[in-house]
Structure formats: structure tokens, C-alpha cells
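J.: Whatever this is, show me its structure:
(2 chains)
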Amino acid sequence: MNRGVVPGGSVLAMAIISLTGVVALLGRFPGLAGVDLTVEAGEVVLIHGPNGAGKSTLLRVCAGLLRIESGHGQVLGHDVRSERPAIRRSVGLLGHDTALYEDLTVTENLRFWARASRVEEAQVPTALDRLGVPSRIHDVAVRHLSAGQRRRTALAAVVVRRPRLWLLDEPHAGLDAGGRDLVDALVKDASSAGATVMLASHELDRTVDLATRHLAVAGGMVVGDHGPEVDHAR
Amino acid sequence: MLADIAAVAGKDLRIEWRSRVTASQVIPFAALVLVLFGFALDANRPVLERATPGLFWMTVLFVTNLAVQRSTSIETSDGARRALLLAGIEPVAVFVGKALAVAVELLAVEIVLVGGVLVFYGAEIDDWGLLVLTCVVATMAVAAAGTLLGALVAGIRARETVLPILLLPVLAPVLISATRAFDDALGSVAVQGWAWLGLLAGFGVLNSGLGALAYGVLLEET
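T.: Coordinates of the predicted model:
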């Protein structure tokens, strides 16, 4: 873990994510074209930009899923090139997919992912309750759920892992008003508990106040990095 | 590791049990292929008797293609493959768990097929031990190769058509060895069945070893 220590010995903020000149390819297309980024513990970072800007690709690199072509960096103290399995185990990623098995019930899905992630299965009911998944559908196969219910269940799977770094790709997508409020509360709670949150979203109106820092991404590069007041002014 | 293998295998088998695909589609398909082979060769009974072991294992290979397609699609739909990576399960545990689940499904089909060749083809079994062991070892070999190749084609858009093109040639040595061992077990041709079973075990170990080594690379995103 990177720590900045001042001469007096006090510990400055920890760099949870530290990327320098990171280039990542999607096939032959450069998904990231030289990203420099440092994110410290407890920050809530909003990533916004047009379609194909590299928001999801940046999250995948931070999750240790995508191999980088050049550059270097660390996530949660692990090298993004050589220690990707260690990074994966420590992050919680909500992507566009829900990663739920259609023929398993809500509870069976979460129990499987809890067991696979070495997390106590006893966390599952609490996480479902936290996401407002009603108990009447806990034993219903995922194939019978609505898109919003699936999304809440997928979020519950992230909650069960209690990650130190949350990577949320369009977390409000497909959710009703209540679900969107729950996501906001979840992000605030995670941040209060000391976790770091990176969230990619097109919904600036919704997320502008949720984040402590805004990154504008375009063409696979970070083209803007500022506090929420700038986007407020816009 | 064992707990992860059990979790993955249990998950795949539970999904299969719920979807009823093996029971309602794969087993009827296998029985149908066996019956149609029988229709094609029934006019020449001695040829049918000689060909029974080969027809049995050809049918198993067709079924393997279906079972592996199913096993692969479980992980490719809705990003489950990525979630497996994030969960931090050792890839070798995913490989063994998925191969075990495929093997269990294939063994269930083979039980029905053995009944089929006894009833429809009038086959007689000389050596039950050789027959059962051949089924177990050959199933391990085809399930391992199938699971590995399933992961290889998982990212390909036309994987349904690419998989059999890759799978069937790779399984040819297993087909030959298992057929020869069955020749002896059914008494249809005088061969050294146990020696062929030994060769079959070699293919099983080879396929399993390759799968355990390569599966992690294939699971990675590009």
C-alpha cells in the first residue's frame, strides 16, 4: 500500500489506485490511451464521458480484469500487471451484466458467490435486506425476476463481498426511484466506512452530489479532474 | 480447493437439474441417435453387432458436444465468467468442477445408452468390470477435453458450430480406445480390452493435465 509519510511521522492519505501512463487494448482498439490517475482512500469518484470514452475499460483495469499494454500502477497495493488475481479478490464490481445464474434462486446465487469469494453465507440475508429485495422472491429463480430486481440482487452480491474498492458501472441503470435512492445510500455508507468508490455514470444530475471528485473521460484519456462544484456550475 | 470444486460442480449440476435439459432433451437425443443407427444397420445384423461399440461412443461424443455447449453457456451468459475471476476461485478448481459436472451428466446418459444397446441391438456383456471402467475413464477424458475447448471457444460468436469442429478430432483417440475396450467388454471383437483401457487412462490424464494448466489462461479476459 502506498503511504505518504511526512517528516513528523503522520500518515497522509493512502493511494488506493495509482496509475501512470496506462494503455489498455480492447482487441486492437485502445480502450485506454495513457491514463494517469491517483485515487485515495474514502474518495467517491464519478467517471463521466460519452459512450466509448473508456469509462468501463478504466473500471475493468482497476478491477484487475483487463491486462494493460503499457504503463504501470497499483490498485490496493497490488501491481496491475503482475498481481491481478489479488486485486480481483479485493474489489467489488457491478458491471453491465448481473453475473446471476438464471436457473438458480436469488439466495442460491448469492450463497454461491459468497462461498466462492470466501465470505460468510450468513451475510446474504442482510445484503438482500439492505438492497430491498423482498423475502418473497428470495427463493424465486432469477429467470422470473424483473430487470430491476436482478440489478438489486447483483448489487447485493457486491455488498456481500464488503469490498475495499467499489467499482460501479451505471449502478442506477434499470432501477426504480427507490432502488436509485438505495444505491446512493450504499455509496455514502461505503465511503463513510472508509471504502473507496469509483462509479461510471451518464446521469450527472443524479450523481453530481454523490461524488467527491469528478473525472471526465474521453478518447481513453482523463481529460478533466475536478471537484463537484465545477459540474454544479455547468 | 476441494470446497471450490464441489461448489462449482454442485452449482452446474443444480442448474442442469432445474433446467431439465439433460433429462428432457439430451437423453432423448442420445436414445434417438442410437435407434436411428440401429435402423440404418438393422438389415445386416452381424455388422450392427460389430459396430455397436463404435456407435455407442459416437453417440456419446455427440452428446458431449451438447453437454459442453450447455456448460459453457452457463458461464458466458450475463457475465458469470467475469464474476468467477473476481471471486478469486483458482481456475483449476473451476475447470475440475465444471468437468466433473459434465462427466456426471454424460455418465447418466451412458447408463441409458448401455440399456439401449442391450435392448435395441441385442448386445451381450462379457466383462462388466471392463465396461464400467471404460465408461468412467473415457467420460473423464471427454469431459476434460470438452471443458477446456468450451472455454477456448467461449468468446467466439459462432461457438456452437466451432466447438464440434475442434472437439471431435481431439476426442478421436478417446473414441478409438474406448471403442476397442468396449469391443472386448461386449465380446464383439477379440482384442486386449484392458490394454486399450490403459491407453484410454493415459488420454484421460493428458486431457485433464492440459485442462488444469491451460484453463486459467482461457478464463482471462482480453
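J.: now the helices for chain B?
T.: Secondary structure of chain B (DSSP state H): helices at B:2-19, B:21, B:27-41, B:45-76, B:80-87, B:91-119, B:128-153, B:159-170, B:172-186, B:193-219.
J.: among the ones you listed, which gets the worst mean confidence?
T.: Among the helices of chain B, helix B:21 has the lowest mean pLDDT, at a mean of 86.
J.: Can you give the distance from it to the centre of its chain?
T.: Helix B:21 has its C-alpha centroid displaced from the chain centroid by 15 Å (Cα atoms, centre = their mean, to the nearest Å).
J.: Which residues does the closest residue to A:Leu199 other than its chain neighbours form beta bridges with?
T.: Among residues not flanking A:Leu199 along the chain, A:Leu168 sits closest, at 4.2 Å (Cβ to Cβ, 6 or more residues apart in numbering or on different chains). All C-beta atoms are positioned from the backbone trio N, CA, C, and that covers glycine. For A:Leu168, the beta-bridge partners under DSSP bridges are A:Leu94, A:Leu199.
J.: re earlier: kindly reformat the helices of chain B as CSV containing mean neighbour count and distance to A:Val197.
T.: Converted to CSV, the helices of chain B look like this (neighbours: other Cβ atoms under 10 Å in any protein chain shown; distance: least, Cβ to Cβ, whole Å):
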stretch, mean neighbour count, distance to A:Val197
helix B:2-19, 18, 29
helix B:21, 17, 40
helix B:27-41, 16, 49
helix B:45-76, 20, 28
helix B:80-87, 23, 16
helix B:91-119, 21, 29
helix B:128-153, 23, 32
helix B:159-170, 16, 36
helix B:172-186, 23, 50
helix B:193-219, 18, 27
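J.: With distance to A:Glu108 as new columns, can the ones you listed be given to me in a markdown table?
T.: Below are those laid out as a markdown table (distance: least, Cβ to Cβ, whole Å):
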| stretch | distance to A:Glu108 |
| --- | --- |
| helix B:2-19 | 7 |
| helix B:21 | 18 |
| helix B:27-41 | 25 |
| helix B:45-76 | 13 |
| helix B:80-87 | 13 |
| helix B:91-119 | 15 |
| helix B:128-153 | 22 |
| helix B:159-170 | 26 |
| helix B:172-186 | 34 |
| helix B:193-219 | 22 |
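J.: Wait, the residue nearest to A:Leu199 touches A:Met198, no?
T.: Yes. Using Cβ atoms under 8 Å, A:Leu168 makes contact with A:Met198 at a distance of 7.1 Å.
J.: Looking at those two, which is more packed in?
T.: Neighbours per residue (other Cβ atoms under 10 Å in any protein chain shown) separate A:Leu168 from A:Met198, with A:Met198 holding more: 28 against 25.
J.: For chain A, what lies in contact range of chain B?
T.: Contact residues, chain A versus chain B (Cβ under 8 Å from any Cβ of the partner chain): A:27, A:60, A:63, A:65-67, A:85, A:88-89, A:91, A:93, A:95-104, A:108, A:112-113, A:115-118, A:141, A:157.
J.: show me where chain A has strands.
T.: With DSSP state E as the criterion, chain A has strands at A:2-5, A:11-26, A:29-40, A:44-48, A:70-75, A:78-79, A:91-94, A:165-169, A:196-200, A:213-218, A:221-226.
J.: who wins for proximity to B:Asn44 among those?
T.: Of all these, it is strand A:11-26 that lies closest to B:Asn44, at 57.2 Å by Cβ to Cβ.
J.: Run the angle between the closest one and strand A:70-75 for me.
T.: Interaxial angle of strand A:11-26 relative to strand A:70-75 (axes from the mean of the first three to the mean of the last three Cα atoms, to 10 degrees): 140 degrees.
J.: and strand A:11-26, how far out from the chain's middle?
T.: Strand A:11-26 sits 15 Å away from the centroid of its parent chain (Cα atoms, centre = their mean).
J.: Now do the buried residues in it.
T.: Buried positions in strand A:11-26, judged by neighbour count with 16 or more other Cβ atoms under 10 Å in any protein chain shown: A:Met14, A:Ala15, A:Ile16, A:Ile17, A:Ser18, A:Leu19, A:Val22, A:Val23, A:Ala24, A:Leu25, A:Leu26.
J.: Select from those the entry with the lowest predicted confidence.
T.: When these are compared on pLDDT, A:Met14 comes out lowest, with 72.
J.: Nearest to chain A: which residue in chain B?
T.: With Cβ to the nearest Cβ, the shortest gap between chain B and chain A falls at B:Gly79, namely 2.7 Å.
J.: Which residues of chain B lie near chain A?
T.: B:3-4, B:7, B:11, B:14-15, B:18-19, B:74, B:77-80, B:82-89, B:220-222.
J.: and with 6 Å instead?
T.: By Cβ under 6 Å from any Cβ of the partner chain, the residues of chain B that approach chain A are B:7, B:11, B:15, B:18-19, B:78-80, B:83, B:85-89, B:221.
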